[in-house]
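Student: Task: produce atomic coordinates for the following.
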Amino acid sequence: MDEATGRYPIGELARRTGLSARTIRFWSDSGVIPPAERSAGGYRLYSADAVGRLHLVRTLRELGFGLDAVREVLDSRSTLAEVAASHVEALEAQIQLLRLNRAVLLNALSRDNKTEGLSLMHELARLPAHERQQLIDGFVDKIFAGVDDPDALVIAEFMREMPPRLPDDPTSAQVDAWIELAELVSDDDFQHTMRQMVLRGESDYRIDFGLTIRPGVLEHAGPAAEEGIAPESAAGHATLDRIVPADCDSRALLEWLDLVAEPRVERYWELLSLIDNRPPEPRSVPAFAWLAAALRAHR
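Tutor: The predicted structure is shown next:
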């Protein structure tokens, strides 16, 4: 320190703060730590409070503050709380983006190093909420186009009201589920399958089967499938008789089973549950597929 003036040259500031002279000079040129005066030889000299300011600048910089924000705090144009609140908001947005990127990369790992679709996955993961809703609305519009059946329209409205609501801080599993759902509803073959289900499901028998047959399917056919009972076996025949009355219209029932035993449709609802952080319903497709096989074998 210059004893006559009480000022510090850059070298002394560097020694006291542990910062390099180059860093102090850069911050000085940026207006963050302006010199109090210059020596007769033109060297920068700093006041005693420069040591404390440099410690604060270093702390703020290590927390990620830009030099403009640091200047606002040091010049009292903004309080530290105001700048910190803004910085926290920016950090939270950055953290969310990093989580999304991490989830996309983890998803890519499961694809055996295939690069196809990586850009699409990245775009899908970053879609804002209103664009996710538009994607689902477009899917529902396509599969229910021209349908005026009241029951079908109720289902369509229900599907529109169940958009994939990713939380602000989604888990990797939720992002994976959203990416899979977005790919599923964008798939032409899946759209066609769903469209055919809607068009073929206009007969009233589907309601009767859903109300009367479905509970028995889950109670008897589900365990039979899990236990490995062959649908064409005698035990399979006995299980079939417990579920389906002998006078049931087997052809109509098979048509209904073909509708409900579509794995991708069940997966659609599973993905919505995963995104919404709800436990998915127990899988029913294996039970319906088992019943269809037993019905074809014995009726």
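Student: Tell me the first helix or strand C-terminal of the least confident helix or strand in the chain by mean pLDDT.
Tutor: Scoring the helices and strands of the chain by mean pLDDT, DSSP states H and E places helix 205-212 at the bottom, with a mean of 50. Heading C-terminal from helix 205-212, the first helix or strand you meet, by DSSP states H and E, is helix 214-216.
Student: Following the chain onward from that next one, which element is next?
Tutor: That would be, after helix 214-216 and using DSSP H and E, helix 222-227.
Student: Alpha carbons only: can I get that next one in CSV?
Tutor: C-alpha atoms of helix 222-227 as CSV (Å, rounded to 0.1, in the frame of the first residue of the first chain):
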residue,chain,number,x,y,z
GLY,A,222,-55.8,-62.7,-16.2
PRO,A,223,-54.7,-65.4,-13.7
ALA,A,224,-55.0,-68.1,-16.3
ALA,A,225,-52.6,-66.2,-18.6
GLU,A,226,-50.2,-65.6,-15.7
GLU,A,227,-50.3,-69.2,-14.7
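Student: Please state the offset of the helix or strand hosting Arg71 from the chain centre?
Tutor: Here Arg71 sits within helix 67-74, counting by DSSP H and E. Put simply, helix 67-74 sits 35 Å off its chain's centre (CA atoms, centre = their mean, to the nearest Å).
Student: Which positions within it qualify as buried?
Tutor: Neighbour counts over helix 67-74 (16 or more other CB atoms under 10 Å) mark Ala69, Val70, Arg71, Glu72, Val73, Leu74 as buried. C-beta coordinates here come from the backbone N, C-alpha and C atoms, glycine included.
Student: Identify the residues contacting the closest residue to Ser273 other than its chain neighbours.
Tutor: Distance criterion CB to CB, 6 or more residues apart in numbering; nearest residue to Ser273, sequence neighbours excluded, is Pro280 at 4.2 Å. Contacts for Pro280 were tallied using CB atoms under 8 Å, 6 or more residues apart in numbering; they are Trp269, Glu270, Ser273, Leu274.
Student: Let me know the closest of those to Ile24.
Tutor: The shortest approach to Ile24 among these belongs to Leu274, at 52.7 Å (CB to CB).
Student: Grab the nearest non-local neighbour of that closest one.
Tutor: Ala177 is the one closest to Leu274 (CB to CB, 6+ apart), at 3.9 Å.
Student: follow-up on the earlier one: sort out for me which of the contacts of Pro280 are in helices.
Tutor: Among those, the members falling in helices (DSSP state H) are Trp269, Glu270, Ser273, Leu274.
Student: among those residues, who's most crowded?
Tutor: Leu274 (20 neighbours; other CB atoms under 10 Å).
Student: what about the residue nearest to Val140 when sequence neighbours are not counted, helix or strand, and which?
Tutor: Leaving out its chain neighbours, the residue that sits closest to Val140 by CB to CB, 6+ apart is Met159, at 5.0 Å. Remark: Met159 resides in helix 150-160, with elements defined by DSSP H and E.
Student: just how off-centre is that helix within its chain?
Tutor: 25 Å.
Student: Extract the C-alpha set from it and format it as PDB.
Tutor: Provided in PDB are the C-alpha atoms of helix 150-160 (Å, rounded to 0.1, in the frame of the first residue of the first chain):
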ATOM      1  CA  PRO A 150     -72.500 -39.500 -28.500                       C
ATOM      2  CA  ASP A 151     -70.500 -42.100 -26.500                       C
ATOM      3  CA  ALA A 152     -67.600 -41.700 -28.900                       C
ATOM      4  CA  LEU A 153     -67.600 -37.900 -28.600                       C
ATOM      5  CA  VAL A 154     -67.600 -38.200 -24.800                       C
ATOM      6  CA  ILE A 155     -64.400 -40.300 -25.100                       C
ATOM      7  CA  ALA A 156     -62.900 -37.800 -27.500                       C
ATOM      8  CA  GLU A 157     -63.500 -34.900 -25.100                       C
ATOM      9  CA  PHE A 158     -62.100 -37.000 -22.200                       C
ATOM     10  CA  MET A 159     -58.900 -37.600 -24.200                       C
ATOM     11  CA  ARG A 160     -58.600 -33.900 -24.900                       C
END
